[in-house]
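*Asks:* Give me a model of this one.
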Amino acid sequence: MHLTIINGILVSPFWISHRGKSITLESMIIDTGSAHTWVNLDVVEDVLDVSPEEGDHIITAFGIGGRDIANRKKVEQIQFENFTAVEFQVDFGRMDADIDGLIGLDLLITGSFVINLARMEVYQER
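*Replies:* Next up, the predicted model:
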């Protein structure tokens, strides 16, 4: 998949499905500095029911922007590039930035992704 740079940041689409509803997020940052994949709650809350429930974990994340709280939830399915994962844990929380979220190392490592900056591509190691 060809990568796009917006304001100096690598972004890519990401698809998520939960409880029979799905959404494509067009501006997910590929963030090798993020341990977990994080989705901006403001972007998905009108489409997906990701409210906290039994079995979820409320987590505190720390980063350059400070401390944030999120709901870590297993969703039915996610897709990034040609990789599909079922029952994948995603963090849902608010973000001050005008982005859809972060594709973190949890997904990049699970999918054995290679980020080739010379060719501006991300693909799975085969």
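
*Asks:* could you pull out the helices for this protein?
*Replies:* Along the chain, the stretches classed as helices by DSSP state H are 41-44, 105-110.

*Asks:* Would you mind putting the ones you listed into TSV with mean neighbour count alongside?
*Replies:* C-betas here are computed from N, CA, C, even on glycine. Putting the helices of the chain into TSV (neighbours: other CB atoms under 10 Å) gives the following:
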stretch	mean neighbour count
helix 41-44	18
helix 105-110	17
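
*Asks:* Can you lay out those helices as TSV showing mean pLDDT?
*Replies:* Below are the helices of the chain laid out as TSV (pLDDT from 0 to 100):
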stretch	mean pLDDT
helix 41-44	94
helix 105-110	97
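
*Asks:* now the protein, which segments are flagged as low pLDDT?
*Replies:* 63-65 (pLDDT under 70).

*Asks:* Setting aside sequence neighbours, what's the nearest residue to Arg67?
*Replies:* Thr60 (6.0 Å; CB to CB, 6 or more residues apart in numbering).

*Asks:* Likewise for Arg72?
*Replies:* Counting by CB to CB, 6+ apart, His57 is the residue found nearest to Arg72 once chain neighbours are left out, at 4.4 Å.

*Asks:* Check Ile16 too.
*Replies:* In space, not counting the residues next to it along the chain, Ile16 is nearest to Ile78; the distance is 5.1 Å by CB to CB, 6+ apart.

*Asks:* just Asp56 next, same as before
*Replies:* In space, Asp56 is closest to Lys73, 4.9 Å off (CB to CB, 6+ apart).

*Asks:* ok, residues contacting stretch 71-79?
*Replies:* 14-19, 36-37, 41, 48, 50-53, 55-59, 84-93, 107 (CB atoms under 8 Å, 6 or more residues apart in numbering).

*Asks:* Mind doing that once more with 6 Å?
*Replies:* Here stretch 71-79 makes contact (CB atoms under 6 Å, 6 or more residues apart in numbering) with 15-18, 50, 52, 56-57, 59, 85-92.

*Asks:* Can you tell me which of the residues you listed are buried?
*Replies:* Buried by 16 or more other CB atoms under 10 Å: Ile16, Ser17, His18, Val50, Asp56, Ala85, Phe88, Gln89, Val90, Asp91, Phe92, out of the contacts of stretch 71-79.

*Asks:* Many thanks, we can stop here.
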